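>>> My questions are about this predicted structure, shown below with the sequence.
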Amino acid sequence: MLIPTEAGEYDLPSVRFVYFDPKKKAYETIEAKPPKIVVRKQGTLRASGPAQVTIAPAGTPSQKQGGGPGWGGFGSGRQAKALQYGTPALPREPLEGTGFGAGPIPGGWIRFLAVLPWLVLTGVWWYWARKRSVLTDPERTRKEALQSWKSSVEHLRTESANPEAREKSLLIWQKAVAATLGVDAATPAWPEISAATESLQENERADLQKCWLDSDQALYGRHPSLQGDWCERAAALAGRIDLPALKIWEPLRPRNLLPWLGALLILALLPRCDAGETNAATAAPQAGDPVRLYREGSFEKAGQIWGEAVRKNMTDPVSRNNLGLAWFQIGDKERALANGLSAYLVSPQTATVDWNLMIFAEAADQLDPAIRRLFEDTWASRMTSRAGVFTWQLFLVAGSAATAVGVGLWLASGYFVWRRRLFFRVGSGVVLLGAALAFVAGSALGVYGRLSDRAAVMIVDVVPLRSVPTEVETQVEKAYPPGSLAHREKEFLGWSKVRMPNQDAGWIRTENLVPLY
């Protein structure tokens, strides 16, 4: 650094360096000749201001102080170049305190939760279809008439002493008998009833004729009364009439499953936590405060404290981010990337976490394609910076549930005609909203890919995968570069069995892995 005090021209002495040339097998001397230094005052800007240093190119005569176009450093005739900033390389300050986050839900549970609303919808749909199958049953009228037959007989048993009630029940009984036998007449008579009794046996026809004539005598005779055993005979006849039961597949008929707008429903059913910038304590930092140790340059001591916090809570984005900073400062770029990536997967919307991951990724020697996709210039990749993996999983389940509810409202508009228009409009809006939410969430999770695996780990050291968990025996080994992502299947006595994206599986020391969750 040069601090000029007086104006003038200065020739700095040459610098000589002696070294041994192995090719020539002799010592060589090289000489560096610094350029001439020209010091001028600031001129009219400030009479007693600091001097201005100009480095004159070699072989170019310098301008003298005083008048002329170069006086005061202005108008020298040389065009100034635009200042260029390079790629960001400095991480941001560590976050204070601790954060809260949630790791991803296992893929099997996500699929189950996404399908569960549709299973519920299927059950509700079956219930509605079964109720509608009763309404659309061709034998519905006869079955209801037979039930009316039985209930009218019960009323006659209990109201035989009341002439008006007895007359009303008898009229209901006669109409029920006619409807049960398929006779459609306002005032049925026995000849019409007799013609419809071919399916009955002779004794049953005789009993029915006697009951019918007795009922006519009780209704229109001079002495309206019923024989003592009339109710028993009428009830026995009703019990002997066997109407076809509702088939189990009746609810599956299109008229019951799709009460209306069937084609549209078929198309519709085809498958086609955050951490803040500061979360913490505003009190004065203490001696063991890792943030203070970090700012003092004690990166290893700060990293030990943050590492202990991470072991207690693997999904703490604040501690993960800070631990990555500590590793980055001491030069372990792979562990810095693994911890920064973990913080990002939990809380990507935190600006410091997002920035630091970009720095760690730029400095890494190897970058897995799954990590590289996070930085692609696509709308789906940009969506990953809005929420973590767990949040997008919840959005996917919520979108699937909302779509199922919307389809349920569509179905309800067919089964409940009195609210058809309301159900259809609300259902259409809910379907669009749920489908859009599920599509966006699914696209974001698709970008995360293997990073949404709860058992995902990163290899951070240059060590091979081994066939068996031991270093003693001679065995086949294969090395994968640091920064490679893998799926941890199990652990055994300090070893972890991992499976690579190419389905290559082997054992590696657990200390050479950093779990992402």
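In hand now; what should we look at? Residues are numbered from 1 along each chain as shown.
>>> low pLDDT regions in the protein?
1, 42-81, 84, 86, 128, 132-140, 160-161, 185-186, 222-228, 242-287 (pLDDT under 70).
>>> In it, which residue is most central in space?
Central residue of the chain (C-alpha atoms, centre = their mean): residue 393, 1.8 Å from the mean position.
>>> I'd assumed residue 105 was in contact with it.
Yes - with contact defined as C-beta atoms under 8 Å, residue 393 counts as touching residue 105 (5.3 Å). For the C-beta atoms, the positions are set from N, CA and C on the backbone; glycine is no exception.
>>> Are we agreed that residue 491 is in a strand?
Yes - looking at residue 491 with DSSP: H, G, I helix; E, B strand; the rest coil, it is inside a strand.
>>> I'd like to check which residues are in contact with it.
Neighbouring residues of residue 491 by C-beta atoms under 8 Å, 6 or more residues apart in numbering: 497, 510.
>>> how close does it sit to residue 355?
Distance of residue 491 to residue 355, given as C-beta to C-beta, to the nearest Å: 34 Å.
>>> And the protein, what are its domain boundaries?
The chain breaks down by automatic domain parsing into domains covering 8-73, 140-240, 274-365+380-426, 456-515.
>>> quick one: which of the ones you listed is nearest residue 120?
Set against residue 120 and scored by C-beta to C-beta, the domains of the chain come closest in domain 274-365+380-426, at 7.2 Å.
>>> What is the distance between the closest one and the centre of its chain?
Relative to its chain's centre, domain 274-365+380-426 lies at 13 Å (C-alpha atoms, centre = their mean, to the nearest Å).
>>> gap between stretch 378-397 and the chain center?
Distance, stretch centre to chain centre, for stretch 378-397: 7 Å (C-alpha atoms, centre = their mean).
>>> contacting residues around it?
So stretch 378-397 is contacted by 101-105, 110, 113-114, 273-274, 345-349, 354, 373-375, 437-438, 440-448, 451-452 (C-beta under 8 Å, 6+ apart).
>>> Which of the residues you listed fall within helices?
Among the contacts of stretch 378-397, the members falling in helices (DSSP state H) are 110, 113-114, 345-346, 354, 437-438, 440-448.
>>> Selecting buried members of those in ChimeraX, what would you type?
Applied in ChimeraX, the following selects the buried portion of those according to 16 or more other C-beta atoms under 10 Å:
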select :110,113,114,345,346,354,437,438,440,441,442,443,444,445,447,448
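>>> Can you say which of the domains of the chain is packed in most?
Mean neighbour count (mean count of other C-beta atoms under 10 Å) peaks for domain 274-365+380-426 among those, with a mean of 20.
>>> Please report how far residue 510 lies from residue 468.
15 Å.
>>> right, I mislabeled it, should have said residue 400
Distance of residue 400 to residue 468, given as C-beta to C-beta: 43 Å.
>>> For my notes, confirm residue 188 occurs in a strand.
No - counting by three-state DSSP, residue 188 is not part of a strand but coil.
>>> Could you shift the numbering so residue one becomes 7, and keep it that way?
OK, 7 is where the count begins now, so the last one is residue 194.
>>> mind listing the strands in the stretch 357-506 of the chain by residue range?
Here the stretch 357-506 of the chain has its strands, by DSSP state E, counting those that start in this stretch, at 462-465, 470-472, 483-485, 491-498, 501-505.
>>> Turn these into JSON lines, columns for distance to residue 427.
Listed next are the strands of the stretch 357-506 of the chain as JSON lines, based on distance: least, C-beta to C-beta, whole Å:
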{"stretch": "strand 462-465", "distance to residue 427": "49"}
{"stretch": "strand 470-472", "distance to residue 427": "63"}
{"stretch": "strand 483-485", "distance to residue 427": "65"}
{"stretch": "strand 491-498", "distance to residue 427": "51"}
{"stretch": "strand 501-505", "distance to residue 427": "54"}
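>>> what about those strands, which gets the closest to residue 204?
Closest approach to residue 204 among these is made by strand 491-498 (73.8 Å; C-beta to C-beta).
>>> Within the sheet, what are the partner strands of that closest one, with directions?
strand 462-465 (antiparallel), strand 501-505 (antiparallel) (DSSP bridges).
>>> List just the one of the ones you listed that sits closest to residue 485.
For those, proximity to residue 485 was assessed by C-beta to C-beta; strand 462-465 is nearest, at 9.3 Å.
>>> dump the residue contacts of residue 503.
Applying C-beta under 8 Å, 6+ apart, one finds that residue 503 lies in contact with 475, 494-497, 511-513.
>>> ok, for it, nearest residue in space, not its chain neighbours?
Distances taken as C-beta to C-beta, 6 or more residues apart in numbering put residue 495 closest to residue 503, at 4.7 Å, once the chain neighbours are dropped.
>>> Same check on residue 217?
residue 240 (5.1 Å).
>>> Quick one: the helices in the stretch 157-306 of the chain, in order.
Using DSSP state H, counting those that start in this stretch, the helices of the stretch 157-306 of the chain run over residues 169-186, 196-201, 208-226, 236-246, 260-263, 268-275, 296-301, 305-318.
>>> export those helices to TSV and tack on distance to residue 505?
Formatted as TSV, these follow (distance: least, C-beta to C-beta, whole Å):
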stretch	distance to residue 505
helix 169-186	70
helix 196-201	79
helix 208-226	75
helix 236-246	68
helix 260-263	44
helix 268-275	36
helix 296-301	35
helix 305-318	24
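>>> Find the nearest non-adjacent residue to residue 294, please.
Computed as C-beta to C-beta, 6+ apart, the closest residue to residue 294 that is not its neighbour in sequence is residue 311, at 6.9 Å.
>>> is it true that the one you found touches residue 298?
No - counting by C-beta under 8 Å, residue 311 does not reach residue 298; the two are 10.5 Å apart.
>>> Could you double-check that residue 24 lies in contact with residue 32?
No - assessed by C-beta under 8 Å, residue 24 is found out of contact with residue 32, at 11.0 Å.
>>> helix/strand/coil for residue 512?
Judged by three-state DSSP, the three-state class of residue 512 is strand.
>>> what sits against it?
Contact partners of residue 512, counting by C-beta under 8 Å, 6+ apart, are 470-473, 483-484, 503-504.
>>> circling back to that earlier point, closest one to residue 211 among the strands of the stretch 357-506 of the chain?
Across those, closest to residue 211 is strand 491-498 (C-beta to C-beta), at 77.5 Å.
>>> Pull that closest one out as CSV, backbone CA atoms only.
Provided in CSV are the C-alpha atoms of strand 491-498 (Å, rounded to 0.1, in the frame of the first residue of the first chain):
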residue,chain,number,x,y,z
LEU,A,491,-26.3,-38.1,-2.5
ALA,A,492,-27.4,-41.5,-1.3
HIS,A,493,-30.2,-43.2,0.6
ARG,A,494,-29.3,-44.7,4.0
GLU,A,495,-30.9,-48.0,4.6
LYS,A,496,-29.5,-49.1,8.0
GLU,A,497,-26.7,-48.7,10.5
PHE,A,498,-24.5,-51.2,12.2
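>>> what distance separates it from the middle of the whole chain?
Worked out by C-alpha atoms, centre = their mean, strand 491-498 lies 24 Å from the chain centre.
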